[in-house]
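> Build me a model:
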Amino acid sequence: MPKFLVQRWHGMHIVWALVLIFILTVVLTWYEWTLGLLGLVLGGVVGAYGVMAERAFRRDLNDYVLTLSHRIKSVGNEVIGQLPFGIIVFNEDKEIQWHNAFTATVVGKSSIVGEPLTAYFPILGQQVKDKEATLEATISGKVYELLVRPHERFMYIRDITERTTIKKKYEEEKLALGIVMMDNLEEVAQGMDEQQRALMLSKVTGEINEWALKYGLFLRRLSSDRYMVITNLASLKQLEQSRFDLLDEVREITIDQKLPMTLSVGFAAGSDNVIELGHLVQGSLDIALGRGGDQAVVKVGQRQSFYGGKSNAVEKRTRVRARVISHALRDLIKESDNIVIMGHKMPDMDAIGAAIGVVKAAQLYGKEAFIVLEGVNPAIQKMMEMLKEDERLMKRFITPEHALAMTHKRTLAVVVDTHRATMVAEPRILQATERIVIVDHHRRSEEFIDDAVLVYMEPYASSTCELVTELLQYIHDRVSLDVREATALLAGITVDTKSFALRTGSRTFEAASFLRRNGADSVLIQRMLKEDLEEFIRKAEIIRHAETYKECIAIAVADTGKAVPQLLIAQAADTLLNMTGMKASFVVGLRPDGQVGISARSLGQINVQIVMEHLGGGGHFTNAAAQVQGTVAEVAGKLKKVLKELEGKEELFI
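Predicted coordinates:
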């Protein structure tokens, strides 16, 4: 027990003794005053002793308190010095005023008092503001968490290297699934005997197995043309860094074939649910196939990346798929109450021609079909003038409001020449019905109408009109088109192929031949494609201000402050591509709807589709477009920035 407590205990007894003496003195004085006097003297002695004891108690108490404060301060300093995290106190000028020993260990110096805070923690240069912030910084290979409190002007430093390492390892070991598919095996193997086919498959299979061993992938064959891949996120990142070189290697070892073998690869990761991951990987493969194959699509969380895609989609020689799709479409038409057909906003001749073809298919089975059209843009003005001569056909065109009013659950909505919900003439129609059909020839983009019951997307096709023409040949035993219907379909093919000069295959000419047999008037098409003198002058003015990029890319910016029809922008891009030495052309102009339109063209050596996808658009290798918000100058700047970013990537140059 401390000495001052013993003294306090004695002091309490002295008080009680004084009280007792006082009582006895009073009693004795009553009987004998001499005894009372003696008691008074005794009380004085005891009181004096008590005063001395109290003084000694207070003196010892003060000594004890002083000693205890010193010990507590010493222990406190020792504790702060040995804390497993750092503490820094700084002033208003962000200069360090004090820090503990842990901080000295972090920065590798015994003292940094008086030095700027940002000299050792550069990340705080822009981050230390009025609000509390938690940041991460890497110093000498270790990761630290910085908790900054500007109002109190101090900062905590905590070592989170181990936590970060564990978190990184956890992320890297997450499950990733993939599917590798030979997307043109049947086309390549046609005409081969069993020995040649087996030899080719052996080469391709060996290349796939070597690729799996190289990157540590578990590979399991599902069928003759499909493999399942199981790996983790770390290996998937390595595959992305290699940009899926397997695609090029397989194409190169089969280059001696008439058609080289190409692969489509789909990967997915980032989900803890294996069932959901399976759906995602199948969706990635569908996108790769929808974009024409010969590429890889990776879906990790919300990120979707595309690799490869350096070859054009191979035209399928057989029409089996066209026949199957036509029969499925026929059944949907029969089971539906009415049909609503719509293309993209600001439709072109391909969209209108394809829509007219679908109307014909519906009429063959006695169903009411209508085409959604909001206003007539210059691109289709001459076509619509031709169609106005047929009152029966013109009644098929209705406004988006009218179409939405007649749409219900049993309405069949057919989307032509696009597969993006944001680009259709009336997006609300897609929510009003449960039956959606997509017919498109563009390479599939990240945005897609997911709830479609029937999808017919063939990137090899020249146009949507070509696909619809093939469907018409199988959808009914006896198909007879009148002159205007056949002409509208042929006009769509003519425009998208630049009068059969680009993206044509044998099936393109077969479709055109069928339309000609049904009375399509090529002279009338040429009349529709004629240019006005005023438009020609405006186009020449756009071309006059064109500039070259990397000596082989022409860029023209129509920054006149006036709206330029999309057709004129496209025609200017076509004309620029005909200039000597030009491999690609881009024309930027303000459209009548207030958006900035970009038309991109190439001769096949530059992938303009990749460029347009980076700007929110899409299309084909040689023909693509985009609609972007902003001013013409801003969009032109974005275009040049994208070209510069893609310049060193192999996807740009085919």
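
> From here on, just use CA atoms for contacts and neighbour counts.
Fine.

> Which strand residues bridge the residue nearest the centre of the chain?
For the chain, residue 303 is the residue whose C-alpha lies nearest the centre (Cα atoms, centre = their mean; 4.1 Å). Here residue 303 sits in beta bridges with residue 300, going by DSSP bridges.

> which residues touch whatever helix or strand residue 474 lives in?
Following DSSP states H and E, the helix or strand that holds residue 474 is helix 464-475. By Cα atoms under 8 Å, 6 or more residues apart in numbering, the residues outside helix 464-475 that reach it are 322-323, 325-327, 329-330, 350-351, 353-354, 357-358, 361, 416-417, 439-441, 461, 479, 489-490, 492-493, 508, 511-512, 515.

> what do you get for stretch 108-119?
90, 94-99, 101, 104, 124-125.

> redo that, cut-off 10 Å
88-91, 93-105, 120, 122-126, 128, 139-140 (Cα atoms under 10 Å, 6 or more residues apart in numbering).

> Could you list the buried residues of it?
Buried residues in stretch 108-119, defined by neighbour count with 16 or more other Cα atoms under 10 Å: 111-112, 116-117.

> Show me what the mean pLDDT comes to for it.
Per-residue pLDDT values across stretch 108-119 average out to 85.

> and it, how far apart are its ends?
13 Å (Cα to Cα, to the nearest Å).

> so where's this protein shaky on pLDDT?
1-51, 53-54, 56-58, 60-82, 126-130, 258, 309-318, 560, 648-654 (pLDDT under 70).

> Show me how the record splits it into domains.
3-82, 86-164, 177-308, 320-528, 534-646 (automatic domain parsing).

> JSON lines for these, including distance to residue 171?
Output for the domains of the chain, formatted as JSON lines (distance: least, Cα to Cα, whole Å):
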{"stretch": "domain 3-82", "distance to residue 171": "33"}
{"stretch": "domain 86-164", "distance to residue 171": "10"}
{"stretch": "domain 177-308", "distance to residue 171": "7"}
{"stretch": "domain 320-528", "distance to residue 171": "25"}
{"stretch": "domain 534-646", "distance to residue 171": "28"}
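
> ok, which stretches of the stretch 451-600 of the chain are helices?
Assigned by DSSP state H, counting those that start in this stretch, the helices in the stretch 451-600 of the chain fall at 464-475, 483-496, 506-517, 522-528, 533-544, 566-577.

> who's in contact with the shortest one?
What that stands for is helix 522-528. By Cα under 10 Å, 6+ apart, helix 522-528 touches 379-386, 484, 487-488, 490-492, 494-495, 499, 516, 529.

> Just the buried ones among those, please.
Buried members of the contacts of helix 522-528, counted by 16+ other Cα under 10 Å: 379-380, 382-384, 386, 484, 487-488, 490-492, 494-495, 516, 529.

> Tell me which two in those residues are the farthest apart.
Maximum pairwise distance among the buried ones among the contacts of helix 522-528 (Cα to Cα): 23.0 Å, between 379 and 516.

> Tell me which of the contacts of stretch 108-119 fall in strands.
Judged by DSSP state E, the subset of the contacts of stretch 108-119 located in strands is 88-90, 96-99, 139.

> Drop anything exposed from the residues you listed.
Buried subset of the ones in strands among the contacts of stretch 108-119 (neighbour count, 16+ other Cα under 10 Å): 88-90, 96-99.

> Go through the residues you listed and name the one nearest residue 250.
residue 88 (59.0 Å).

> can I assume that closest one is in contact with residue 106?
No - if you go by Cα atoms under 10 Å, residue 88 and residue 106 don't touch, sitting 11.6 Å apart.

> okay, and the common contacts of these two?
Contact criterion Cα under 10 Å, 6+ apart; residues bridging residue 88 and residue 106 by contacting each: residue 157.
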